[in-house]
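[1] Test case, fold it:
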Amino acid sequence: MDMMLFGPELFYLGMALVFFCFTLRRQVQVKLDYQIALALSAIGVLVTGYCLFQHGDLFFKAYRVDLFSQIFKFALALGLFLVLMISHNLAQIEERYQAEFYFFLTTTTIGMMMLVSSVELLTIYVALELSSYSLYILVPLRRGDGIDVEAGIKYLFIGAVSSGFMLFGLSYIFGATGSTYLVDILPKMSLLVNSPIGIIGVLLAMAGFFFKLSVFPFHFWAPDVYQGGANQVVTFIATASKAAAVALLLRLAVLAQGSGYNFTIALVILSAVSMTLGNLVAIVQKDFKRMLAYSSIAHAGVFLMGVLTITEAGYIGAIYYALAYLVMNFTVFMVLSEVATDGRDLKIAELAGLYRRSPLLMMSLILGIFALAGVPPSIGFTGKLLIFTSAMNSGYFWLVLIGAVNGTICLYYYLKVIYAAYFIDDPGLPVITLSLPIKLLNYALAAIIIGFGFCPDRIIELAKAAAKTLL
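    Sure, this is the predicted structure:
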């Protein structure tokens, strides 16, 4: 086996072992743990970047290393590094548990990296469970009024149910095709996908990823987990885990190629309901994180729009938008984390006077919010344009129309955030002081959101090459 093909996973396995040893210490060293975590995650980004263009098969061809998987591994490594950048003040996690925080963040990253390379059904299931159970532990780590425990229990129970659905669907696919390898299943699915066993198998198998992506009707966990988890944990769930879910959803959707009406109508309904429900409920939210949770449900519907076309253009749009969503959603969560330095749940009204308290954070908030809304010339606008165009060319006019209407609806609650931060002021609120690394991070995120919105060609070409490895 070429060890470099498994390089990113081996590196993060070593990183997890380092923090496992740290959890066994009697004396807590919070500052040292943070510095080591940040340094190792930065090295991890370089390692995954170095391995970006490798390709090959591992573990009896159950594990595929290609451009598609490596792009998402790089996104996961970047997501972990960004989350650790804003973890300099883990106010809501007890000091004795902060080593565990870094440990479980690393293990869930390993699980997600394995997930995006898995091309065998049981390997996919084991990787999904590794990533999920680490997150189930991270959510209740928050020190609070009990809402963290409630959120953790809901996350675990709904995750277990969706996992059961997924395993049931995988068994149907195996029973119908006689293989657990995607390369063997794909040629046989064209004959089976119009039959009840084929449709039910694929849809149930996708349930696990619908859960990770918070697609209706597997969305119930999102608002409570977003509100109940520590800000940094929720940031990771809202960014990196979404990218991993999109990656595997794209791999499994290939199984339904040529399925026609029966399969696509199910995804059309889920996409339309997710977008509409998420945006309408987000309007009435007063808690910032709950609003972002319902926003994520709406964005899940946009991702499905790219997946259901099962065309190269749709996959390019979905890959591009997954990378864009990681950056723009993280930007908003970074602002939330820096404003709520004590780790509390931030109400939208508590953003009052942000333009005065920190003009730099105000700039990042505006760019992140407008990118999520799909306002040009942001990276979010380009991503939505690619997805909407592919769906329109595939004949889903009414779904694109529903998406456009929902794009208008989301502007209302996104602008509420900007209004609270810019047009309302509370002179009693102190000025927010940012460290030099956080200032540089703000400028870097702003450059990415605007730069790749104006000039998306390089990312689109990379996404195109990755999509060709699937189709």
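
[2] only C-alpha atoms for contact and neighbour calcs from this point on.
    Noted.

[3] which stretches of the stretch 1-150 of the chain aren't confidently modelled?
    For the stretch 1-150 of the chain, the stretches with pLDDT under 70 are 1, 144-148.

[4] Could you pull out the helices in it for me?
    7-23, 30-50, 67-85, 98-117, 121-138, 147-177 (DSSP state H, counting those that start in this stretch).

[5] tell me the angle the second one makes with helix 67-85.
    Our comparison of helix 30-50 with helix 67-85, counting by axes from the mean of the first three to the mean of the last three Cα atoms, to 10 degrees, yields an angle of 160 degrees.

[6] can you put the helices of the stretch 1-150 of the chain in CSV and add mean neighbour count and distance to G278?
    Formatted as CSV, the helices of the stretch 1-150 of the chain follow (neighbours: other Cα atoms under 10 Å; distance: least, Cα to Cα, whole Å):
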stretch, mean neighbour count, distance to G278
helix 7-23, 18, 34
helix 30-50, 18, 33
helix 67-85, 25, 24
helix 98-117, 25, 25
helix 121-138, 20, 23
helix 147-177, 20, 18
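
[7] can you tell me which of these comes nearest to Y320?
    The minimum distance between Y320 and the helices of the stretch 1-150 of the chain falls on helix 67-85, with 10.5 Å, by Cα to Cα.

[8] What is the distance between that closest one and the centre of its chain?
    Per Cα atoms, centre = their mean, to the nearest Å, the displacement of helix 67-85 from the mean C-alpha position of its chain is 10 Å.

[9] elements contacting that helix?
    Judged by 3 or more Cα pairs under 8 Å, 6 or more residues apart in numbering; DSSP states H and E, the packing partners of helix 67-85 are helix 30-50, helix 98-117, helix 231-253, helix 312-339, helix 457-468.

[10] mind running it again at 10 Å?
    Other elements packing on helix 67-85 under the criterion 3 or more Cα pairs under 10 Å, 6 or more residues apart in numbering; DSSP states H and E are helix 7-23, helix 30-50, helix 98-117, helix 231-253, helix 312-339, helix 436-454, helix 457-468.

[11] low-confidence ranges in the stretch 151-300 of the chain?
    Within the stretch 151-300 of the chain, the stretches with pLDDT under 70 are 190-194, 254-263.

[12] rewinding a little: please identify which of the helices and strands packed on helix 67-85 is closest to D345.
    Closest to D345 of the helices and strands packed on helix 67-85, according to Cα to Cα: helix 231-253, at 8.1 Å.

[13] following the closest one, which helix or strand comes up?
    Remark: after helix 231-253, the chain's next helix or strand is helix 261-282, criterion DSSP states H and E.

[14] And that next one, what's buried?
    Neighbour-count burial for helix 261-282 flags 263-264, 267-268, 270-280, 282 (criterion: 16 or more other Cα atoms under 10 Å).

[15] still on that earlier bit, in CSV: the helices and strands packed on helix 67-85, plus distance to G208.
    CSV is the format used below for the helices and strands packed on helix 67-85 (distance: least, Cα to Cα, whole Å):
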stretch, distance to G208
helix 7-23, 22
helix 30-50, 26
helix 98-117, 12
helix 231-253, 9
helix 312-339, 18
helix 436-454, 30
helix 457-468, 22
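
[16] Need the residues that contact stretch 442-452.
    The contact list for stretch 442-452, computed with Cα atoms under 10 Å, 6 or more residues apart in numbering, reads 324, 327-328, 330-331, 334-335, 360-361, 363-368, 370-371, 376-382, 436, 438, 440-441, 453-456, 458-460.

[17] if you set the cut-off to 7 Å instead, what comes out?
    Stretch 442-452 has contacts (Cα atoms under 7 Å, 6 or more residues apart in numbering) with 328, 331, 364, 367, 377-379.

[18] next one: stretch 231-240
    If you take Cα under 7 Å, 6+ apart as the criterion, stretch 231-240 is touched by 76, 79, 83, 87, 138-139, 226, 326, 329-330, 333, 337, 343.

[19] which one of these is nearest F101?
    For the contacts of stretch 231-240, the nearest to F101 is L138 (6.6 Å; Cα to Cα).

[20] on that earlier part again, select from the contacts of stretch 442-452 the one having the most neighbours.
    Counting neighbours by other Cα atoms under 10 Å, I379 comes out on top of those with 32 neighbours.

[21] Return the residues in contact with that residue.
    Residues near I379 by Cα under 7 Å, 6+ apart: 324, 371, 449-450, 452-453.

[22] Try it again at 8 Å.
    324, 371, 448-454, 456 (Cα atoms under 8 Å, 6 or more residues apart in numbering).

[23] okay if I get the contacts of stretch 442-452 as JSON lines plus distance to V302?
    Shown next, in JSON lines, are the contacts of stretch 442-452 (distance: Cα to Cα, whole Å):
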{"residue": "M328", "distance to V302": "15"}
{"residue": "T331", "distance to V302": "20"}
{"residue": "S364", "distance to V302": "23"}
{"residue": "L367", "distance to V302": "20"}
{"residue": "P377", "distance to V302": "19"}
{"residue": "S378", "distance to V302": "16"}
{"residue": "I379", "distance to V302": "15"}
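
[24] Spatially, which two of the residues you listed are the most separated?
    Top of the distance list for those (Cα to Cα): T331 and P377, 16.4 Å.

[25] which sections of the stretch 301-450 of the chain are below the confidence cut-off?
    For the stretch 301-450 of the chain, residues meeting the criterion pLDDT under 70 lie at 343.

[26] Surely I93 touches V139?
    No - counting by Cα atoms under 8 Å, I93 sits too far from V139 to count as a contact (10.3 Å).

[27] Of these two, which one has the most company?
    Neighbours per residue (other Cα under 10 Å) separate I93 from V139, with V139 holding more: 27 against 18.

[28] Next, find the distance separating that one from A222.
    The gap separating V139 from A222 is 12 Å, by Cα to Cα, to the nearest Å.

[29] same check, this time on A91
    22 Å.

[30] swap in A39?
    Taken as Cα to Cα, the span from A39 to A222 is 31 Å.

[31] ok, how many other residues are close to G229?
    The burial count for G229: 29, using other Cα under 10 Å.

[32] isn't it right up against R143?
    No - G229 lies out of contact with R143 (Cα under 8 Å); the separation is 9.2 Å.

[33] circling back to that earlier point, now distance to G201 too, for the contacts of stretch 231-240, in a markdown table please.
    Output for the contacts of stretch 231-240, formatted as a markdown table (distance: Cα to Cα, whole Å):
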| residue | distance to G201 |
| --- | --- |
| L76 | 28 |
| G79 | 32 |
| V83 | 36 |
| S87 | 41 |
| L138 | 31 |
| V139 | 31 |
| Y226 | 30 |
| L326 | 30 |
| N329 | 32 |
| F330 | 34 |
| F333 | 36 |
| S337 | 41 |
| G343 | 42 |
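
[34] quick check, nearest of the residues you listed to V149?
    V139 (7.8 Å).

[35] how much space between the closest residue to A463 other than its chain neighbours and A467?
    Leaving aside its sequence neighbours, A463 sits nearest to I316 (Cα to Cα, 6 or more residues apart in numbering; 5.2 Å). For I316, the distance to A467 (Cα to Cα) stands at 6 Å.

[36] cool, and L156?
    For L156, the distance to A467 - Cα to Cα - is 33 Å.

[37] Next: T309.
    The gap separating T309 from A467 is 13 Å, by Cα to Cα.

[38] cool, P377 as well?
    24 Å.
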